[in-house]
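>>> sequence? don't have it. structure:
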(Lines give C-alpha, C1' and ligand atoms only; values in the text may rest on other atoms or scores of the structure.)
Protein backbone atom coordinates (compact mmCIF):
# COMPACT_ATOMS: atom_id res chain seq x y z
CA UNK A 1 0.00 0.00 0.00
CA UNK A 2 1.26 3.46 -0.83
CA UNK A 3 1.06 6.05 1.96
CA UNK A 4 1.38 9.80 1.59
CA UNK A 5 1.85 12.53 4.21
CA UNK A 6 -0.03 15.26 2.31
CA UNK A 7 -3.05 15.71 0.08
CA UNK A 8 -2.23 15.70 -3.65
CA UNK A 9 -4.56 18.65 -4.32
CA UNK A 10 -2.31 20.81 -2.14
CA UNK A 11 0.46 20.50 -4.73
CA UNK A 12 -1.16 19.50 -8.04
CA UNK A 13 -4.54 20.21 -9.60
CA UNK A 14 -6.36 20.25 -12.94
CA UNK A 15 -8.96 23.05 -13.05
CA UNK A 16 -11.26 23.24 -16.06
CA UNK A 17 -13.05 26.25 -17.53
CA UNK A 18 -15.11 27.41 -20.47
CA UNK A 19 -13.60 30.23 -22.51
CA UNK A 20 -15.31 33.60 -22.33
CA UNK A 21 -13.45 35.99 -24.67
CA UNK A 22 -13.00 38.24 -21.62
CA UNK A 23 -10.69 38.33 -18.63
CA UNK A 24 -11.31 35.16 -16.62
CA UNK A 25 -10.08 34.17 -13.16
CA UNK A 26 -9.70 30.49 -12.29
CA UNK A 27 -9.69 30.09 -8.50
CA UNK A 28 -10.55 27.84 -5.55
CA UNK A 29 -7.34 25.86 -5.84
CA UNK A 30 -5.55 24.90 -2.62
CA UNK A 31 -2.30 26.60 -3.66
CA UNK A 32 -0.78 29.33 -5.80
CA UNK A 33 0.32 27.58 -9.01
CA UNK A 34 3.84 28.05 -10.35
CA UNK A 35 3.86 25.76 -13.39
CA UNK A 36 0.81 25.89 -15.65
CA UNK A 37 0.22 23.79 -18.77
CA UNK A 38 -3.01 24.73 -20.57
CA UNK A 39 -4.80 22.69 -23.26
CA UNK A 40 -8.04 23.16 -25.17
CA UNK A 41 -9.83 19.80 -24.93
CA UNK A 42 -13.09 20.46 -26.79
CA UNK A 43 -11.61 21.54 -30.12
CA UNK A 44 -8.39 22.84 -31.63
CA UNK A 45 -5.90 24.92 -29.73
CA UNK A 46 -2.17 24.98 -29.16
CA UNK A 47 -0.84 23.91 -25.75
CA UNK A 48 0.61 26.72 -23.63
CA UNK A 49 3.26 26.22 -20.93
CA UNK A 50 3.94 29.09 -18.53
CA UNK A 51 5.60 29.40 -15.13
CA UNK A 52 5.94 31.99 -12.38
CA UNK A 53 9.75 32.06 -12.63
CA UNK A 54 9.84 33.29 -16.22
CA UNK A 55 6.74 35.44 -15.84
CA UNK A 56 3.44 35.78 -17.65
CA UNK A 57 4.81 36.98 -21.01
CA UNK A 58 7.26 34.12 -21.50
CA UNK A 59 5.62 30.94 -22.81
CA UNK A 60 6.59 27.71 -24.50
CA UNK A 61 4.12 26.53 -27.17
CA UNK A 62 5.22 22.89 -27.63
CA UNK A 63 3.14 22.18 -30.74
CA UNK A 64 6.13 22.57 -33.02
CA UNK A 65 9.69 23.79 -33.08
CA UNK A 66 8.91 27.10 -31.40
CA UNK A 67 11.06 29.63 -29.63
CA UNK A 68 9.68 31.63 -26.70
CA UNK A 69 6.20 33.15 -27.18
CA UNK A 70 5.71 36.54 -25.50
CA UNK A 71 1.90 36.63 -25.71
CA UNK A 72 0.28 37.37 -22.34
CA UNK A 73 -2.03 34.37 -22.09
CA UNK A 74 -1.81 34.34 -18.28
CA UNK A 75 -2.42 37.84 -16.93
CA UNK A 76 -1.37 36.97 -13.37
CA UNK A 77 -1.03 34.25 -10.76
CA UNK A 78 -3.22 34.54 -7.67
CA UNK A 79 -3.11 32.96 -4.21
CA UNK A 80 -5.52 30.21 -5.31
CA UNK A 81 -5.35 30.18 -9.10
CA UNK A 82 -4.65 32.43 -12.07
CA UNK A 83 -6.23 35.06 -14.30
CA UNK A 84 -6.42 34.67 -18.09
CA UNK A 85 -6.38 37.39 -20.70
CA UNK A 86 -9.57 37.49 -22.77
CA UNK A 87 -10.16 36.47 -26.37
CA UNK A 88 -7.07 34.33 -26.94
CA UNK A 89 -7.85 31.11 -28.78
CA UNK A 90 -5.29 28.88 -27.08
CA UNK A 91 -6.46 29.62 -23.54
CA UNK A 92 -9.74 31.56 -23.39
CA UNK A 93 -11.80 31.44 -26.60
CA UNK A 94 -15.56 31.73 -26.12
CA UNK A 95 -17.40 28.39 -25.63
CA UNK A 96 -14.24 26.26 -25.91
CA UNK A 97 -13.33 24.10 -22.94
CA UNK A 98 -9.89 24.07 -21.35
CA UNK A 99 -7.94 22.22 -18.67
CA UNK A 100 -4.83 23.36 -16.82
CA UNK A 101 -2.25 21.02 -15.31
CA UNK A 102 -0.98 23.06 -12.34
CA UNK A 103 1.95 22.38 -10.01
CA UNK A 104 3.04 24.20 -6.88
CA UNK A 105 6.75 25.00 -6.65
CA UNK A 106 7.65 27.75 -4.18
CA UNK A 107 4.96 30.36 -4.69
CA UNK A 108 7.04 32.29 -7.21
CA UNK A 109 9.95 32.83 -4.80
CA UNK A 110 13.26 31.84 -6.40
CA UNK A 111 16.81 31.41 -5.13
CA UNK A 112 20.23 31.09 -6.73
CA UNK A 113 21.53 27.54 -6.80
CA UNK A 114 25.31 27.06 -7.01
CA UNK A 115 25.46 23.25 -6.91
CA UNK A 116 26.17 22.84 -10.62
CA UNK A 117 28.92 23.83 -13.00
CA UNK A 118 26.79 26.87 -13.79
CA UNK A 119 24.49 28.76 -11.43
CA UNK A 120 20.73 28.36 -11.80
CA UNK A 121 17.63 30.16 -10.58
CA UNK A 122 15.43 27.64 -8.80
CA UNK A 123 12.11 27.43 -7.06
CA UNK A 124 11.61 23.98 -5.59
CA UNK A 125 8.90 22.07 -3.77
CA UNK A 126 10.84 19.28 -2.07
CA UNK A 127 7.70 17.80 -0.47
CA UNK A 128 6.08 17.06 -3.83
CA UNK A 129 9.31 16.64 -5.85
CA UNK A 130 8.80 19.56 -8.24
CA UNK A 131 11.24 22.28 -9.29
CA UNK A 132 11.41 24.95 -11.98
CA UNK A 133 14.99 25.66 -13.03
CA UNK A 134 16.14 28.60 -15.14
CA UNK A 135 19.72 28.97 -16.37
CA UNK A 136 21.87 30.41 -19.14
CA UNK A 137 23.19 27.76 -21.50
CA UNK A 138 26.90 27.19 -22.08
CA UNK A 139 26.90 25.11 -25.27
CA UNK A 140 29.19 22.55 -23.61
CA UNK A 141 29.12 19.75 -21.06
CA UNK A 142 28.00 21.04 -17.68
CA UNK A 143 25.78 20.40 -14.66
CA UNK A 144 22.82 22.39 -13.30
CA UNK A 145 21.50 22.46 -9.74
CA UNK A 146 17.81 21.54 -9.37
CA UNK A 147 17.14 22.07 -5.64
CA UNK A 148 15.10 18.90 -4.99
CA UNK A 149 17.48 17.12 -2.60
CA UNK A 150 16.82 13.81 -4.43
CA UNK A 151 17.52 12.84 -8.02
CA UNK A 152 14.78 13.93 -10.45
CA UNK A 153 13.44 11.05 -12.50
CA UNK A 154 11.76 13.16 -15.19
CA UNK A 155 13.13 16.37 -16.75
CA UNK A 156 11.80 18.49 -19.61
CA UNK A 157 14.33 21.10 -20.75
CA UNK A 158 14.19 23.74 -23.47
CA UNK A 159 16.48 26.52 -24.75
CA UNK A 160 13.86 29.23 -25.09
CA UNK A 161 15.48 31.11 -27.96
CA UNK A 162 15.98 28.02 -30.09
CA UNK A 163 13.38 26.90 -32.62
CA UNK A 164 13.35 23.26 -31.62
CA UNK A 165 11.35 20.79 -29.58
CA UNK A 166 13.28 20.60 -26.30
CA UNK A 167 14.35 17.32 -24.73
CA UNK A 168 12.91 14.85 -22.18
CA UNK A 169 14.88 12.76 -19.70
CA UNK A 170 13.22 9.79 -18.02
CA UNK A 171 15.42 8.07 -15.45
CA UNK A 172 13.26 4.95 -15.62
CA UNK A 173 14.58 4.05 -19.07
CA UNK A 174 15.73 0.64 -17.85
CA UNK A 175 14.54 -1.37 -20.86
CA UNK A 176 17.42 0.07 -22.88
CA UNK A 177 20.95 -1.13 -22.19
CA UNK A 178 22.02 2.40 -21.29
CA UNK A 179 19.58 3.45 -18.52
CA UNK A 180 20.77 7.01 -18.34
CA UNK A 181 20.29 9.84 -20.76
CA UNK A 182 21.56 9.04 -24.23
CA UNK A 183 18.09 7.93 -25.35
CA UNK A 184 15.77 10.92 -24.99
CA UNK A 185 12.40 12.19 -26.13
CA UNK A 186 11.64 15.29 -28.18
CA UNK A 187 8.69 16.90 -26.47
CA UNK A 188 7.25 19.10 -29.20
CA UNK A 189 6.94 16.54 -31.98
CA UNK A 190 5.93 12.92 -32.64
CA UNK A 191 9.37 11.47 -33.31
CA UNK A 192 10.59 8.30 -31.65
CA UNK A 193 13.04 8.49 -28.77
CA UNK A 194 16.51 9.19 -30.15
CA UNK A 195 20.05 8.29 -29.12
CA UNK A 196 21.40 11.75 -28.27
CA UNK A 197 24.21 11.61 -25.74
CA UNK A 198 24.76 15.34 -26.24
CA UNK A 199 21.38 16.15 -24.67
CA UNK A 200 22.02 15.07 -21.06
CA UNK A 201 25.69 14.11 -21.49
CA UNK A 202 24.83 10.42 -21.06
CA UNK A 203 24.79 10.97 -17.29
CA UNK A 204 22.15 10.21 -14.67
CA UNK A 205 20.80 13.02 -12.52
CA UNK A 206 21.89 13.16 -8.87
CA UNK A 207 20.41 14.51 -5.65
CA UNK A 208 21.87 17.93 -6.45
CA UNK A 209 22.35 18.32 -10.23
CA UNK A 210 21.33 17.13 -13.67
CA UNK A 211 23.81 17.00 -16.54
CA UNK A 212 23.71 18.66 -19.95
CA UNK A 213 25.77 18.16 -23.08
CA UNK A 214 26.48 20.37 -26.07
CA UNK A 215 23.07 20.04 -27.74
CA UNK A 216 21.81 23.55 -28.53
CA UNK A 217 18.17 22.57 -28.12
CA UNK A 218 18.65 22.11 -24.37
CA UNK A 219 21.87 24.05 -23.69
CA UNK A 220 22.39 26.75 -26.31
CA UNK A 221 25.31 29.00 -25.52
CA UNK A 222 24.23 32.33 -24.02
CA UNK A 223 20.51 31.51 -24.20
CA UNK A 224 18.00 31.41 -21.40
CA UNK A 225 16.88 27.83 -20.77
CA UNK A 226 14.07 26.36 -18.67
CA UNK A 227 13.82 22.92 -17.07
CA UNK A 228 10.87 21.30 -15.33
CA UNK A 229 12.24 18.69 -12.91
CA UNK A 230 10.18 15.99 -11.19
CA UNK A 231 11.30 13.55 -8.52
CA UNK A 232 9.11 10.54 -7.85
CA UNK A 233 7.09 10.76 -4.60
CA UNK A 234 5.34 7.60 -3.47
CA UNK A 235 1.58 8.03 -3.53
CA UNK A 236 1.76 11.30 -5.50
CA UNK A 237 3.78 10.91 -8.72
CA UNK A 238 5.06 8.09 -10.88
CA UNK A 239 7.32 8.05 -13.96
CA UNK A 240 8.23 4.96 -15.92
CA UNK A 241 7.66 2.64 -18.86
CA UNK A 242 5.40 -0.22 -19.87
CA UNK A 243 5.03 -2.58 -22.84
CA UNK A 244 1.92 -2.54 -25.03
CA UNK A 245 -0.01 -5.77 -25.58
CA UNK A 246 -2.33 -4.95 -28.49
CA UNK A 247 -5.18 -6.29 -26.35
CA UNK A 248 -8.22 -4.16 -25.48
CA UNK A 249 -7.95 -5.44 -21.91
CA UNK A 250 -4.40 -4.21 -21.93
CA UNK A 251 -1.53 -3.58 -19.59
CA UNK A 252 -2.28 -2.50 -16.03
CA UNK A 253 0.22 0.11 -14.84
CA UNK A 254 0.51 0.28 -11.06
CA UNK A 255 1.05 3.78 -9.66
CA UNK A 256 0.13 3.44 -5.98
CA UNK A 257 -2.59 6.07 -6.38
CA UNK A 258 -5.71 6.96 -8.34
CA UNK A 259 -4.39 9.18 -11.16
CA UNK A 260 -5.69 12.64 -11.92
CA UNK A 261 -3.50 13.35 -14.95
CA UNK A 262 -1.40 11.04 -17.13
CA UNK A 263 0.79 11.75 -20.15
CA UNK A 264 1.93 8.88 -22.39
CA UNK A 265 4.33 8.71 -25.35
CA UNK A 266 5.43 5.78 -27.46
CA UNK A 267 9.22 5.55 -27.54
CA UNK A 268 9.34 3.66 -30.84
CA UNK A 269 6.40 4.93 -32.95
CA UNK A 270 5.59 8.41 -34.22
CA UNK A 271 2.58 9.07 -31.99
CA UNK A 272 1.73 12.14 -29.94
CA UNK A 273 2.48 13.11 -26.36
CA UNK A 274 -1.08 12.41 -25.22
CA UNK A 275 -2.48 13.41 -21.82
CA UNK A 276 -5.72 12.41 -20.11
CA UNK A 277 -7.31 13.68 -16.92
CA UNK A 278 -9.95 12.32 -14.57
CA UNK A 279 -11.56 15.79 -14.39
CA UNK A 280 -12.64 15.71 -18.04
CA UNK A 281 -16.03 14.02 -18.29
CA UNK A 282 -18.30 13.32 -21.22
CA UNK A 283 -15.67 11.56 -23.34
CA UNK A 284 -15.82 8.10 -21.78
CA UNK A 285 -17.81 5.85 -19.45
CA UNK A 286 -17.01 5.46 -15.76
CA UNK A 287 -13.28 5.66 -15.27
CA UNK A 288 -12.53 5.52 -19.00
CA UNK A 289 -10.88 8.56 -20.53
CA UNK A 290 -10.95 8.69 -24.31
CA UNK A 291 -10.08 12.37 -24.80
CA UNK A 292 -6.39 12.32 -25.70
CA UNK A 293 -5.05 15.87 -25.34
CA UNK A 294 -2.05 16.26 -27.60
CA UNK A 295 0.64 18.36 -25.92
CA UNK A 296 2.69 18.52 -29.09
CA UNK A 297 -0.06 19.53 -31.50
CA UNK A 298 -2.95 21.89 -32.23
CA UNK A 299 -5.83 19.53 -31.50
CA UNK A 300 -6.92 16.35 -29.75
CA UNK A 301 -8.00 12.85 -30.61
CA UNK A 302 -10.25 10.14 -29.17
CA UNK A 303 -8.06 7.10 -29.74
CA UNK A 304 -6.18 5.25 -27.05
CA UNK A 305 -8.72 4.79 -24.24
CA UNK A 306 -7.29 4.67 -20.71
CA UNK A 307 -9.14 3.25 -17.70
CA UNK A 308 -8.41 5.20 -14.49
CA UNK A 309 -8.36 2.88 -11.45
CA UNK A 310 -7.85 3.26 -7.69
CA UNK A 311 -4.17 2.24 -7.82
CA UNK A 312 -3.10 3.09 -11.37
CA UNK A 313 -4.39 2.89 -14.91
CA UNK A 314 -5.18 0.27 -17.52
CA UNK A 315 -4.89 0.54 -21.31
CA UNK A 316 -8.31 -0.21 -22.81
CA UNK A 317 -7.68 -0.01 -26.55
CA UNK A 318 -5.34 -1.33 -29.22
CA UNK A 319 -4.22 2.11 -30.38
CA UNK A 320 -0.61 2.68 -31.33
CA UNK A 321 -0.87 5.83 -29.17
CA UNK A 322 -0.65 3.74 -25.99
CA UNK A 323 -1.09 -0.04 -26.40
CA UNK A 324 0.39 -1.42 -29.60
CA UNK A 325 1.83 -4.92 -29.28
CA UNK A 326 5.58 -5.11 -28.57
CA UNK A 327 5.84 -1.33 -28.28
CA UNK A 328 7.45 0.51 -25.37
CA UNK A 329 5.73 3.53 -23.82
CA UNK A 330 6.86 6.08 -21.28
CA UNK A 331 4.50 7.89 -18.93
CA UNK A 332 4.26 10.51 -16.21
CA UNK A 333 1.34 10.40 -13.76
CA UNK A 334 0.12 12.55 -10.86
CA UNK A 335 -2.37 11.59 -8.16
CA UNK A 336 -5.94 12.53 -7.50
CA UNK A 337 -5.96 10.35 -4.42
CA UNK A 338 -3.40 7.97 -2.88
CA UNK A 339 -4.40 4.40 -2.11
CA UNK A 340 -4.11 5.17 1.60
CA UNK A 341 -3.40 8.67 2.92
CA UNK A 342 -2.08 9.73 6.29
CA UNK A 343 -5.66 10.58 7.30
CA UNK A 344 -6.75 7.01 6.59
CA UNK A 345 -8.83 7.90 3.54
CA UNK A 346 -8.91 5.18 0.89
CA UNK A 347 -9.18 5.84 -2.83
CA UNK A 348 -12.13 4.04 -4.37
CA UNK A 349 -12.16 2.48 -7.82
CA UNK A 350 -14.36 4.16 -10.41
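Looks like it arrived, so ask away. Here the structure is a predicted model, which means the values were calculated and not measured.
>>> low-confidence ranges, the stretch 101-250 of the chain, go.
Filtered on pLDDT under 70, the stretch 101-250 of the chain yields the residue ranges 172-182.
>>> would you map the strands across it?
Assigned by DSSP state E, counting those that start in this stretch, the stretch 101-250 of the chain shows strands spanning 111-113, 120-125, 130-136, 142-145, 154-159, 167-170, 183-184, 194-195, 209-212, 224-230, 237-243.
>>> would JSON lines of those strands with distance to residue 101 be doable?
Glycine gets a C-beta too; all of them are placed from N, C-alpha and C. Formatted as JSON lines, the strands of the stretch 101-250 of the chain follow (distance: least, CB to CB, whole Å):
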{"stretch": "strand 111-113", "distance to residue 101": "24"}
{"stretch": "strand 120-125", "distance to residue 101": "15"}
{"stretch": "strand 130-136", "distance to residue 101": "12"}
{"stretch": "strand 142-145", "distance to residue 101": "23"}
{"stretch": "strand 154-159", "distance to residue 101": "12"}
{"stretch": "strand 167-170", "distance to residue 101": "15"}
{"stretch": "strand 183-184", "distance to residue 101": "21"}
{"stretch": "strand 194-195", "distance to residue 101": "25"}
{"stretch": "strand 209-212", "distance to residue 101": "22"}
{"stretch": "strand 224-230", "distance to residue 101": "11"}
{"stretch": "strand 237-243", "distance to residue 101": "12"}
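>>> which one of the ones you listed lies closest to residue 324?
Residue 324 lies closest to strand 237-243 among those, at 9.7 Å (CB to CB).
>>> what angle sits between the closest one and strand 130-136?
90 degrees (axes from the mean of the first three to the mean of the last three CA atoms, to 10 degrees).
>>> other SSEs contacting the helix or strand that strand 237-243 is followed by?
As assigned by DSSP states H and E, the chain's next helix or strand after strand 237-243 is strand 252-254. Contacts defined by 3 or more CB pairs under 8 Å, 6 or more residues apart in numbering; DSSP states H and E place strand 252-254 against strand 312-315.
>>> distance from the chain centre to the strand it packs on, please.
Here strand 312-315 is found 18 Å from its chain centre; the criterion is CA atoms, centre = their mean, to the nearest Å.
>>> that strand - contacts with which helices or strands?
Counting contacts by 3+ CB pairs under 8 Å, 6+ apart, strand 312-315 packs against strand 252-254, strand 257-266, strand 306-309.
>>> the closest residue to residue 131 other than its chain neighbours: neighbouring residues, count only.
Once flanking residues are discounted, residue 131 sits nearest to residue 124: 3.8 Å by CB to CB, 6 or more residues apart in numbering. Neighbour count of residue 124, defined by other CB atoms under 10 Å: 24.
>>> residue 146 is in contact with residue 124, correct?
Yes. Contact criterion CB atoms under 8 Å: residue 124 and residue 146 qualify, at 7.2 Å.
>>> which neighbours do those two have in common?
residue 131 (CB atoms under 8 Å, 6 or more residues apart in numbering).
>>> for the stretch 251-350 of the chain, which spans come out with low pLDDT?
Regions of the stretch 251-350 of the chain meeting the criterion pLDDT under 70 cover residues 281-291, 302, 339-350.
>>> mind listing the strands for it?
Taking DSSP E, counting those that start in this stretch, the strands of the stretch 251-350 of the chain run over residues 252-254, 257-266, 274-277, 288-289, 292-294, 300-301, 306-309, 312-315, 328-338, 340-341.
>>> and the third one, how far from the chain's centre?
Looking back up the chat, that one is strand 274-277. 10 Å.
>>> what's next to that strand, contact-wise?
14, 39, 99, 101, 260-265, 289, 291-295, 301, 304, 306, 308, 321-322.
>>> swap in the first one?
Contact partners of strand 252-254, identified using CB under 8 Å, 6+ apart, comprise 240, 242, 309, 311-315, 331, 333.
>>> next, the buried residues of that strand.
Residues residue 253 are the ones in strand 252-254 that count as buried (16 or more other CB atoms under 10 Å).
>>> sheet-wise, list the partners of it with their directions.
Here strand 252-254 has these sheet partners by DSSP bridges: strand 312-315 (antiparallel).
>>> helices of the stretch 51-200 of the chain, start to end?
With DSSP state H, counting those that start in this stretch as the criterion, the stretch 51-200 of the chain has helices at 89-92, 197-200.
>>> just name the most buried of those helices.
helix 89-92 (a mean of 24; mean count of other CB atoms under 10 Å).
>>> so how far is it from its chain's centroid?
Relative to its parent chain, helix 89-92 has a centroid offset of 19 Å by CA atoms, centre = their mean.
>>> for it, packing partners?
strand 35-40.
>>> tilt between the strand it packs on and strand 224-230?
90 degrees.
>>> for strand 35-40, the distance to its chain's centre please.
The answer for strand 35-40 is 10 Å, by CA atoms, centre = their mean.
>>> would JSON lines of the helices of the stretch 51-200 of the chain with distance to residue 70 be doable?
Formatted as JSON lines, the helices of the stretch 51-200 of the chain follow (distance: least, CB to CB, whole Å):
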{"stretch": "helix 89-92", "distance to residue 70": "14"}
{"stretch": "helix 197-200", "distance to residue 70": "26"}
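>>> nearest to residue 157, out of those helices?
helix 197-200 (8.2 Å).
>>> let me see the residues that make contact with the closest one.
155, 167, 169, 180-182, 184, 210-215, 217-218.
>>> same thing but at 7 Å, please
When contacts are defined by CB atoms under 7 Å, 6 or more residues apart in numbering, helix 197-200 is touched by residues 167, 169, 181-182, 184, 210-215, 218.
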